[in-house]
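Peer 1: Build me a structure from this.
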Amino acid sequence: MATELRADDHSPVDAVLACSVETCSTCRAGHVVNKTGELYCIRLDYPKMEPESVRLVSFGELLQNSLCLQSSASAWCDSCESYQTQSHVRSVRALAPFLFIDCNADMAKQILFWKHHHKRLRRASLSKSTRRMRGSSSGDEDNAVAPLSPVSPASTALKTPLRCWLPERITIFLLADGSVHSVEPEQEQPIFESSLVASLDYQLKAVIVHAHHPDAQPDELGRLVQVKDTKQMPRNGLLVCHVRVPPDELKKAGHSAEDDQWFLFNDFLVQPLDKMAAIDLDLDWMLPCLVLYEHVDAACPVPVPPPLPFSLIQQKPLIFRGSALPFEPLAEDEVLQLAGIDTEFVLISPEKVEATGSRVIRPAQWALARLSCVRGDGDKQDVPFIDEYIAQEEPIADCLTAVSGISKSDLEVAHSKHYLVTAKSALLKLLWLVERGVKFVGHGLAKDFRVINMMVPPDQVIDTSKLFHLEKRRVVSLQFLVWFYLEERIQESCHDSVDDARAALKLFRWYDAHKQEHGVHSLEQQLERMYEKGEELQWTLPAL
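Peer 2: Numbering: from 1, shown residues only. As a prediction, this is how the structure comes out:
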């Protein structure tokens, strides 16, 4: 018997994405084997005939056929003790709160299928809307030709909005025999031969798109549009994500909203997106990859993973040949509010540009090589609690030893003399600190966290490169700031990330104390004097 929604306490992933299914396999001799399992990603299965000859199929119908997939393949039959051609029929026992759908549109025929249905549905929708405006019900719905732009003048002028082949909402009827029927809002509910177990309403939550036009950039509405002159778009395209955010989530973030708002996620660029641009894709250069539907019932919350355990901080290294640790680890009962942080990176692959230098073909790839964190408060202020070197999984192109202080042997298990860990171990420790609300003080942290690929809440980041900066002026190095404000010298021979983390903390303390004692105006005067001195010295420190 099918249930309305899958109830699963095995893991958060199972509870959110796993559909319970049963596959019935029958060999040519009639032997039947039933197997139950989980379906995490629904891969769309397209009709075998040419797209132009296929009748107009709704997305819901394609989805239901893909859920209850029927296929045949040669497989081993235990009863026959030989390989047999077997037919496989999948039935659904429970659906997940989120339906993760692989569009499977990586071949020319599937792409043509999307284009063909998109155009036919738009033509029919435009023709129907035009007749309503004229008060007429005659004419062939397929005769009208609709423009294919995401928001066309015709669509904004019509009172009835144009339909998209990818529906915003979809209802899935789950039957006792394990079959499903998908219905879109414009369609009538079918009459079922089997008893109805549940009716589940889903709403489009996100669409991941491969923008493969070489000159694609977001416009003022957040839509990806084609432009002639850009150096940002890789030749092989990029993946962007369109995400629908409900009003209650927007209000939590401090925004006033009554309706859902779509957003474009393009790497670290996040900006609002017009709804039609989010779901009505220009298929000539925007290829749908993955689609996510969310059950509309608010009683299906997404399970939140438990906090990371303190044991992560106590993980053993891959290798450490020293006699004494180069840092003092955090104690489990130690309270930490502020931490100085500095990182060092190595180059895995350099940036690749065209021969003319006009376009970046492939950006540089960096990897974290050293992570140092220093206590910013408490009795052990300025004492490091993390100072780890990161073993590399890929060949290193350049260690940049002159600025990083790192050599290849420092990152090799066989030769390193340092506290060597995996990248996963180091990043989990950072996540543990982020979860506990620790504020990070450092220089150029926005770039560091981006290379690490970690999102840290802005209120937990104190970046000295931004504190000591005037608008439309150059970003000043940590070395120069420490010399000018603290009258100290760092990085004389090479960079040391522990020293740099301590220096960033000292700068922040100077900034905070000066602001409280003398006010913001005095700080601005100090910054002006610093820029004047820097330009006088051409941003190099005077000799000792």
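Peer 1: and Ala446, what does it touch?
Peer 2: 461, 463 (Cβ atoms under 8 Å, 6 or more residues apart in numbering). Any C-beta I mention is one placed from the backbone N, CA and C, and that applies to glycine too.
Peer 1: What residues sit buried inside the longest strand that the chain contains?
Peer 2: As assigned by DSSP state E, the longest strand anywhere in the chain is strand 196-211. Neighbour-count burial for strand 196-211, counted by 16 or more other Cβ atoms under 10 Å, picks out 197-198, 200, 202, 204-211.
Peer 1: what packs against it?
Peer 2: Applying 3 or more Cβ pairs under 8 Å, 6 or more residues apart in numbering; DSSP states H and E, we find strand 196-211 packed against strand 169-175, strand 238-245, helix 275-279, strand 286-295.
Peer 1: Lys251: which of the ones you listed is closest?
Peer 2: Each of those has some distance to Lys251 by Cβ to Cβ; the shortest is strand 238-245, at 10.4 Å.
Peer 1: Can you pull out the residues in contact with the helix or strand following the closest one?
Peer 2: Proceeding N to C from strand 238-245, the next assigned helix or strand is helix 247-252, under DSSP states H and E. Identification of contacts with helix 247-252 by Cβ under 8 Å, 6+ apart yields 256-261.
Peer 1: Relative to the longest strand of the chain, what are the paired strands and their orientations?
Peer 2: In the sheet, strand 196-211 lines up against strand 169-175 (antiparallel), strand 238-245 (antiparallel), strand 286-295 (antiparallel) (DSSP bridges).
Peer 1: Looking at those, which is nearest to Val438?
Peer 2: Nearest of those (Cβ to Cβ): strand 238-245, 27.3 Å.
Peer 1: May I see the buried residues of that closest one?
Peer 2: 240-245.
Peer 1: what about it, distance to the chain center?
Peer 2: Between the centre of strand 238-245 and the centre of its chain there are 8 Å (Cα atoms, centre = their mean, to the nearest Å).
Peer 1: Okay, now the unreliable bits of the stretch 201-350 of the chain?
Peer 2: 213-236, 298-304 (pLDDT under 70).
Peer 1: follow-up on the earlier one: the strands paired with strand 196-211: which one's closest to Tyr40?
Peer 2: Closest among the strands paired with strand 196-211, once you apply Cβ to Cβ, is strand 286-295, at 12.1 Å.
Peer 1: related to what we said a few turns ago, quick check, nearest of the buried residues of strand 238-245 to Gly37?
Peer 2: Closest to Gly37, out of all of the buried residues of strand 238-245 and judged by Cβ to Cβ, is Cys241, at 28.4 Å.
Peer 1: Quick check, the closest one in contact with Ala206.
Peer 2: Yes: Cys241 is within contact range of Ala206, at 6.0 Å (criterion: Cβ atoms under 8 Å).
Peer 1: follow-up on the earlier one: counting neighbours, which of the contacts of helix 247-252 comes out on top?
Peer 2: The residue in the contacts of helix 247-252 with the most neighbours, by other Cβ atoms under 10 Å, is Gln261 (19 neighbours).
Peer 1: check contacts around that one.
Peer 2: Residues counted as contacts of Gln261 (Cβ under 8 Å, 6+ apart) are 244-245, 247, 250, 255, 272.
Peer 1: buried set for stretch 63-71?
Peer 2: For stretch 63-71, the buried set under the neighbour-count rule, 16+ other Cβ under 10 Å, comprises 63-69.
Peer 1: Quick one: the strands in the stretch 101-250 of the chain, in order.
Peer 2: 169-175, 180-183, 196-211, 216-218, 224-226, 238-245 (DSSP state E, counting those that start in this stretch).
Peer 1: can I get those in JSON lines with distance to Arg43?
Peer 2: Formatted as JSON lines, the strands of the stretch 101-250 of the chain follow (distance: least, Cβ to Cβ, whole Å):
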{"stretch": "strand 169-175", "distance to Arg43": "17"}
{"stretch": "strand 180-183", "distance to Arg43": "15"}
{"stretch": "strand 196-211", "distance to Arg43": "14"}
{"stretch": "strand 216-218", "distance to Arg43": "26"}
{"stretch": "strand 224-226", "distance to Arg43": "25"}
{"stretch": "strand 238-245", "distance to Arg43": "18"}
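Peer 1: can you tell me which of those strands comes nearest to Pro190?
Peer 2: strand 180-183 (5.7 Å).
Peer 1: Direction included, what does the closest one pair against?
Peer 2: Here, using DSSP bridges, strand 180-183 pairs with strand 169-175 (antiparallel).
Peer 1: Contacts made by the strand it pairs with with the rest, please.
Peer 2: 2, 4, 59-60, 63-64, 92, 95, 180-185, 189-190, 192, 194-204, 293, 296.
Peer 1: Could the C-alpha coordinates of that strand be exported in PDB?
Peer 2: Output in PDB follows, covering the C-alpha atoms of strand 169-175 (Å, rounded to 0.1, in the frame of the first residue of the first chain):
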ATOM      1  CA  ARG A 169       2.800  23.600  -9.900                       C
ATOM      2  CA  ILE A 170       2.000  20.000 -10.400                       C
ATOM      3  CA  THR A 171      -0.300  17.500  -8.600                       C
ATOM      4  CA  ILE A 172       0.700  13.800  -8.400                       C
ATOM      5  CA  PHE A 173      -1.900  11.200  -7.700                       C
ATOM      6  CA  LEU A 174      -0.600   8.100  -6.000                       C
ATOM      7  CA  LEU A 175      -2.600   4.900  -6.500                       C
END
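Peer 1: Can you give me the buried ones in that strand?
Peer 2: For strand 169-175, burial by neighbour count (16+ other Cβ under 10 Å) applies to 170-175.
Peer 1: Asp267: which of these is nearest?
Peer 2: Ranked by distance to Asp267 (Cβ to Cβ), the buried residues of strand 169-175 are led by Ile170 at 29.8 Å.
Peer 1: ok, that closest one to Glu61 distance?
Peer 2: Counting by Cβ to Cβ, to the nearest Å, the gap from Ile170 to Glu61 is 10 Å.
Peer 1: Now the common contact residues for the two.
Peer 2: By Cβ under 8 Å, 6+ apart, Ile170 and Glu61 have these common neighbours: Ser182.
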